[in-house]
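Q: give me coordinates for this.
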Amino acid sequence: MIFPLFRRRVRPGTISTLYGTIVAQARLPCFYREYRVPDTVNGRLDLLVLHLALVLDRLADESQLRELGQALFDHFCTDMDRNLREIGIGDLSVPKHMQRVGEAFYGRARAYRAGLARDGQQALVEALERNIYGQEGAANRAAAARLAVYMQGTVGELRVQPSSEVLAGRLTMPDPTAIVLVEDETFGTKD
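A: Predicted coordinates:
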């Protein structure tokens with residue numbers, strides 16, 4: 001059929017730019033200092049997965065962005081494969097580790113999606129306590145609640161970004177330092 005020849009192709013530069021934006025956001029020092037995300041390989045991967053899942057959900061909302069979403073996920077997988085090899089994982093073990101990365105991504109994305117879909121924050125906070133903070137989850141309830149508010153703000157900001165901007169490789173996310181603890185232990189944004 002001739003129509004696929006006229007379909008818009010995703011440019012590799014766009015994918016690299018979007019992925020770079022996601023990685024840069026996930027590596028912001030405030031997540032590790034103020035949000036108390038463990039500054040470990042797993043903690044950094046968890047934040048990358050969190051941000052990637054939010055962006056991929058946004059891309060899945062529009063048919064013209066779905067191909068971009070798939071290309072972005074493929075880029076993530078290639079990056080994870082390369083990182084595993086760089087840290088010394090042998091060629092025979094990489095597929096097993098990649099399977100774990102994939103399971104972690106899909107499990108967390110599903111939990112975050114479910115938490116964001118519910119009214120209130122409790123389900124999302126619990127998902128963050130489990131997946132980001134692990135055994136220290138209960139001790140980091142305030143940080144998890146703050147991260148939940150940040151995620152909700154990110155979803156809102158991603159939702160209003162025009163498709164044309166995203167296709168051009170421009171993606172903006174909120175400033176995580178703008179989310180502050182209010183005295184009654186609820187969360188809001190700085191004015």
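
Q: rest of the way, CA atoms for contacts and neighbours
A: Will do.

Q: ok, which stretches of the protein are strands?
A: Taking DSSP state E, the strands of the chain run over residues 179-181, 187-189.

Q: give me the most central residue, this structure.
A: His51 (1.5 Å; CA atoms, centre = their mean).

Q: and that one, what does it touch?
A: Ile22, Gln25, Ala26 (CA atoms under 8 Å, 6 or more residues apart in numbering).

Q: thinking again about what came up before, which of the strands of the chain has the lowest mean pLDDT?
A: Within the strands of the chain, confidence is poorest for strand 187-189, with a mean of 46 (mean pLDDT).

Q: mind giving me the packing neighbours of the biggest helix by length in the chain?
A: As assigned by DSSP state H, the longest helix anywhere in the chain is helix 94-117. When contacts are defined as 3 or more CA pairs under 8 Å, 6 or more residues apart in numbering; DSSP states H and E, helix 94-117 sits against helix 41-60, helix 66-86, helix 122-128.

Q: which of these has the highest mean neighbour count?
A: Across the helices and strands packed on helix 94-117, averaging neighbours per residue (mean count of other CA atoms under 10 Å) puts helix 122-128 on top, at a mean of 22.

Q: quick one: mean pLDDT for that helix?
A: 93.

Q: CA atoms only for that helix, dumped as CSV, please.
A: C-alpha atoms of helix 122-128 as CSV (Å, rounded to 0.1, in the frame of the first residue of the first chain):
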residue,chain,number,x,y,z
GLN,A,122,-3.7,7.7,48.9
ALA,A,123,-3.3,5.0,46.2
LEU,A,124,-0.6,7.0,44.4
VAL,A,125,1.2,7.8,47.7
GLU,A,126,1.2,4.0,48.6
ALA,A,127,2.5,3.1,45.1
LEU,A,128,5.3,5.6,45.5
